[in-house]
Structures are given as structure tokens and as C-alpha cells.
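A.B. asks: predicted model and sequence below, questions to follow.
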Amino acid sequence: MTTIKDVASKANVSTATVSRILSNDETLSVGEDTRKRVIETANLLNYKPARRKNCKSLEQSPNIGLVLTSSQEDEINDPYYLSIRLGIEMACEFYKLRINTIIRLNQDIDTNSLNELDGIIIVGSISDYAIQKIKKNKKEIVFVNFDPKLSGCDVVISDLASATERVLEHLMNLNHNQIGYIGGMEIIKDFKNNIESELDDIRKVTFQKIMHEKGLLINENVLISSDWGPNGGYQLMKEMVRKGNLPTAIVVASDPMAMGALRALHEANIKVPDDVSIFSFDDIESAAYLSPPLTTVKVYPDEMGKTAVKLLKDRINGRKVAIKTVLETDLVLRESCQYKKE
């Protein structure tokens, strides 16, 4: 008998996505191509969803909502955000939680839709005003990829500060002292996708702190964009090349930005890693297939999503003490970094 896992594997999506597409879940945000592929695969494999023997237990499943600061376009341009959401969906299926509402901050928002929910997961950086408006409707909240420093709420983040320290240590062990930085700002969003403020990203803060302590910081070699995608990295790297005196190594705050940076270096006939080493963050799937393969920090966005669901489930079941979970990262050493020759 064909199972939902068979359909998911064949269609290259999660079982949660298959389940929600076949049940006509209107809150699911997927492309029409994906929806069509799942339905065609289910028909091809003659998949028949099992009837639920206990509909009452399904009705009693906790209902949760997602508040996403990323748009669907963001998820296409940067797999990081998509991985968090898919991790949430997979864990919800495992823990028998129902995603009843999905709110994206770039859409018109009716916070009344949050009234009947048992809990909320907020993914991304969100303003204090938006948080307070959401908290009026429901107190069980877990923040993912953002620490609002708010008492009583659970938080799931990655340890990017320690990761940045290890990146710099690795580059310095490769004899690099002239190290530049390319990254983005942490954008705090309000309802209707308004930008309330921009904060320094923890990777940039840590980079500048360590380089300053070692007497190696050159502020002209720290470039920031509001665009975390390939175009942001491309434009910043072109600017760094135009300035001259290119650092021998450059830390790039995300793999999509690094993709654009590599393109700019290629156009300038600057070879990686012979002329400059590149160390990035995320370890998205395509990082291993770039030329050269990208040395990067592996983060675990899907695990962040899964952990958030587990924390929210515990909260709904009565846990009172707030928990902050910091996920470790790993260095993935590939071919975009090498020892600097004298």
C-alpha cells in the first residue's frame, strides 16, 4: 500500500506538505507547480488517504498559528526561511498540532484570527508593538531566529556569535590578518511589512569586536546591505573591489550573498581562493556545488523549526518556565578558503 511518505519522497516535499495539499489546506503557502506535482504524484501512486478513526481526537488537537516576517519571495530567494517553516510543519504533524493560521507581515493582517489559537510561533525579527498586539490575543508564544529579550516567552536561535569567532580563528590560522566582512542588517518589521528599525546583525557585531581587540579592524572593509540575497552580495563585493586593497579573506553573512560575491569576483578576474578566501554562513544545498565549493557555517534552520514546535507543545501542556534554546553550528570546510602564502 502506498503511504504518504512514498508520495512525499517521490514529489520531493515533506509529508506535512503532502498532507496539507491533499486536504486542501488554504493556509499552506506553496507554489502552484509544487501543488500540482504533489497531486499528480499521489494519483500516479494511487495514494488513498487513510480515514481517521477518531475525528474527535483530531478536533481536539491544539490549533497554532505562524507569524512569518518573510514573504514567499524571501523563501524562494533564501532557503533558510523555507527550511524553518518546513521544520515547523514536519514537527506539527509529528506532535499532532494543527496549523490553523499563517500570517505574513507583508499581507493585510487581522489579529482577531489569533483569538482561538492555543499558541503562536513567530519566525523572524518583529517589533515590540506587533508583539504586544499578538500577546493580547494569546500568551503562549515561541520566537524563532529572533530574541526579543522578553520575559516569559520561549526563544530558539542559532549560536552565530560563537560561529563567527570560530570562522575568524580558522582564517587567522590560515595566515589571514586582512579580513573583510559583507553582510546585512537585522530588520525589525511591523505589521504591513513596515520596517520599524534596523539593528546590527550579531555576526557583524562579533566580527568587529574580535577584529578590534586584535587591532586588525578596518572599517572600510565592513560593508552592509539591506539585501541578504545574491544581488546584495554582488553589489557589496563590486564596491569592495572598486575600493582597491582587497582583503585576503572575506566573511560573508549568508550563502545567497556569497553567491553574488563570487560572481562579482569572477567578473573582476579575482580568483577564489588563490587571490581571496571566502567563508560564508548557512550551508544551503547549493553551497557545495558552487565554483569553488563554498566553505561555510552550517546552521540547522529545520531543527530550529522543530524545536520551536516542541517548546510550544510543552507550553500548551502547562510548562510555565520560559526556555531559551541556542542551537550549535558546524564549520563545513570546502575549497573557497586556503592558506595565505607570504
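C.D. replies: Here it is on my side, so go on.
A.B. asks: so for the longest strand anywhere in the chain, mean pLDDT?
C.D. replies: Counting residues, the longest strand found in the chain (DSSP state E) is strand 179-189. Averaging pLDDT along strand 179-189 yields 93.
A.B. asks: remind me what it packs against, helices and strands.
C.D. replies: Counting contacts by 3 or more C-beta pairs under 8 Å, 6 or more residues apart in numbering; DSSP states H and E, strand 179-189 packs against helix 160-173, strand 195-200, helix 202-213, strand 222-225, helix 230-243, strand 249-252, helix 255-267. (C-beta placed from N, C-alpha, C; glycine too.)
A.B. asks: may I see the buried residues of the fourth one?
C.D. replies: Within strand 222-225, the residues scored as buried using 16 or more other C-beta atoms under 10 Å are 222-225.
A.B. asks: run through the stretch 1-150 of the chain and note the low-pLDDT ranges.
C.D. replies: In the predicted model, the stretch 1-150 of the chain carries pLDDT under 70 at residues 1, 23-29, 48-59, 107-110, 137-139.
A.B. asks: try the stretch 151-300 of the chain
C.D. replies: By pLDDT under 70, the low-scoring segments of the stretch 151-300 of the chain are 192-193, 195-196.
A.B. asks: still on that earlier bit, for N46, find the nearest of the helices and strands packed on strand 179-189.
C.D. replies: N46 sits nearest to helix 255-267 of all those, at 39.1 Å, using C-beta to C-beta.
A.B. asks: one step back: winner for burial among the helices and strands packed on strand 179-189?
C.D. replies: Of all the helices and strands packed on strand 179-189, strand 249-252 carries the top mean neighbour count, a mean of 28, counting by mean count of other C-beta atoms under 10 Å.
A.B. asks: direction included, what does it pair against?
C.D. replies: Strand pairing for strand 249-252, determined by DSSP bridges: strand 179-189 (parallel), strand 277-282 (parallel).
A.B. asks: next one: stretch 106-119 to chain centre, how far?
C.D. replies: 22 Å (C-alpha atoms, centre = their mean, to the nearest Å).
A.B. asks: report the buried residues of that stretch.
C.D. replies: So for stretch 106-119, counting by 16+ other C-beta under 10 Å, buried means 106, 109, 111, 114, 117-119.
A.B. asks: which residues touch it?
C.D. replies: The contact list for stretch 106-119, computed with C-beta atoms under 8 Å, 6 or more residues apart in numbering, reads 62-65, 71, 100-101, 103, 120, 133-134, 136-138, 140-142, 191-193, 312, 315-316.
A.B. asks: among the strands paired with strand 249-252, which is nearest Q338?
C.D. replies: Proximity to Q338 (C-beta to C-beta) singles out strand 277-282 among those, at 6.0 Å.
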